[in-house]
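> Show me the folded form of this:
(one chain, ligands or ions: 1)
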Amino acid sequence: MKIFLDTANIESIKKYNDMGLVDGVTTNPTLLAKEKGNPAEIMREIVRMVDGPVSLEVVGTTAGTMLEEAYRLKKYGKNVVVKIPMIPEGLVAVKKLKADGIETNVTLVFSANQAILAAKAGAAYVSPFIGRLDDSGQDGMSLIREIVQIFSNYQFDTNVLVASVRHPMHVVEAGKIGAHVVTLPPDILGKMLTHPLTDKGLSTFLSDWEKVKKENPNLVI
Ligand code: E4P
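Residues are numbered from 1 along each chain as shown. The predicted structure is shown next:
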């Protein structure tokens, strides 16, 4: 299972990149709006920092404007994946970008039908937003189950990128289903890292070691 960070925050990306946990990054206009600084510079910096795929989103809504933006964004680096909204014009852009050898991530996917069509158009990734479905009273994880099964039935090479993740159990469930990628807000990745029994256990080890050191003042390990 690949882990992407769902953020445009440079510090968070650096923090988890240093732990070897960042297989890629996804951004969107809302995430960029939360950060201070020039969004184009922030995107360039992320593309430089991360070895894996970095999704950068277009804001045009016609195939023509999306394509213009896509070609500009792709110049930020080889690892750029162009994020395209799941609208009919978006799929026109996806098809053309695939023909040009540019990978796309189709975003704002809320049904298995949309995922099938994005894959048929040539998307490298589809991003079903499970948290937003849960928020609206639907079961986001059922959608992941459906899409993973359909893609596997037909050997589609499109990756299922689980997006709008709200808590660590989403990650466990997505992994059990076999989703290819989860994209996580940094705080969710932080929650996955820690466990109270780890902290309690370490604290006991350290205090017991203090006793050992008192009895062996010259001890070095
Ligand atoms: C995915 O690529 C999106 O950036 C993201 O997961 C959206 O999540 P949200 O519903 O928390 O905004």
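
> Which of the helices or strands spans Val81?
Val81 belongs to strand 80-85 when assigned by DSSP states H and E.

> and that strand, C-alpha only, in PDB?
What follows is strand 80-85 as a C-alpha-only set of coordinates in PDB (Å, rounded to 0.1, in the frame of the first residue of the first chain):
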ATOM      1  CA  VAL A  80       4.000  15.700 -11.600                       C
ATOM      2  CA  VAL A  81       0.600  13.900 -12.000                       C
ATOM      3  CA  VAL A  82      -2.000  16.300 -13.200                       C
ATOM      4  CA  LYS A  83      -5.200  16.300 -11.200                       C
ATOM      5  CA  ILE A  84      -8.300  16.600 -13.200                       C
ATOM      6  CA  PRO A  85     -11.900  17.000 -11.900                       C
END
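
> Let the chain start at 57 from now.
OK, 57 is where the count begins now, so the last one is strand 136-141.

> Packing partners of whichever helix or strand comes after it?
Going down the chain from strand 136-141, the next helix or strand is helix 144-155, by DSSP H and E. When contacts are defined as 3 or more C-beta pairs under 8 Å, 6 or more residues apart in numbering; DSSP states H and E, helix 144-155 packs onto helix 119-130, strand 136-141, strand 160-165, helix 168-177. From N, CA and C alone the C-beta is placed, and that goes for glycine too.

> what about Val216, is that helix, strand or coil?
Of the three states, Val216 takes strand under DSSP: H, G, I helix; E, B strand; the rest coil.

> Tell me who's in contact with the closest residue to it other than its chain neighbours.
Among residues not flanking Val216 along the chain, Ala235 sits closest, at 4.7 Å (C-beta to C-beta, 6 or more residues apart in numbering). Residues near Ala235 by C-beta atoms under 8 Å, 6 or more residues apart in numbering: 57, 200, 204, 216-218.

> swap the cut-off to 6 Å and go again
Taking C-beta atoms under 6 Å, 6 or more residues apart in numbering, we find Ala235 in contact with 200, 204, 216, 218.

> who wins for proximity to Val276 among the helices and strands packed on helix 144-155?
strand 136-141 (49.2 Å; C-beta to C-beta).

> Is the ligand within reach of that closest one?
No. With C-beta under 6 Å from any ligand atom as the criterion, the ligand is not reached by strand 136-141; the gap is at least 6.9 Å.

> quick one on the thing from earlier: okay, the helices and strands packed on helix 144-155, which one's buried deepest?
strand 160-165 (a mean of 26; mean count of other C-beta atoms under 10 Å).

> I appreciate the help and will end here.
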